[in-house]
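Colleague: This is a predicted model, with the sequence first.
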Amino acid sequence: MLAVAWGSVIYSLFIVSMHVLTTLSPEEKAVYGAVTVLEETRGLKEAESIVFNYLTFIKRLRVKRHL
């Protein structure tokens, strides 16, 4: 029974310490938000570039077929 109590204490301390280590400060939250927005924007720009290149390719292909 004593081992169960010690195990529960150790497990509880582990959970509390992991929560403290993984909680972001307000400054870290702000930076994380800014980085997330930049990644989304970069991803959208890459998608825009792919769509633009595809449409340009299709247009050139149609022009070549009509010649």
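Modeller: Ah, there it is.
Colleague: Need the pLDDT of V16.
Modeller: Per-residue pLDDT puts V16 at 92.
Colleague: What separation is there between it and G7?
Modeller: To G7, V16 is 15 Å away according to CB to CB, to the nearest Å. Yep, even glycine has a C-beta here, placed from its N, CA and C like the rest.
Colleague: Please identify the helix or strand for the most centrally placed residue in the chain.
Modeller: Centroid-nearest residue in the chain, with CA atoms, centre = their mean: T36, separated by 6.4 Å. Using DSSP states H and E, T36 falls within helix 26-66.
Colleague: Tell me how far that helix lies from the chain's centre.
Modeller: In terms of CA atoms, centre = their mean, to the nearest Å, the centre of helix 26-66 is found 16 Å from the chain centre.
Colleague: Mind checking the pLDDT average for that helix?
Modeller: The average pLDDT within helix 26-66 is 84.
Colleague: Give me the helices and strands touching that helix, please.
Modeller: Based on contacts counted as 3 or more CB pairs under 8 Å, 6 or more residues apart in numbering; DSSP states H and E, there is no element that helix 26-66 packs against.
Colleague: What are the contacting residues of stretch 10-28?
Modeller: Under the contact criterion CB atoms under 8 Å, 6 or more residues apart in numbering, stretch 10-28 has outside partners Y32.
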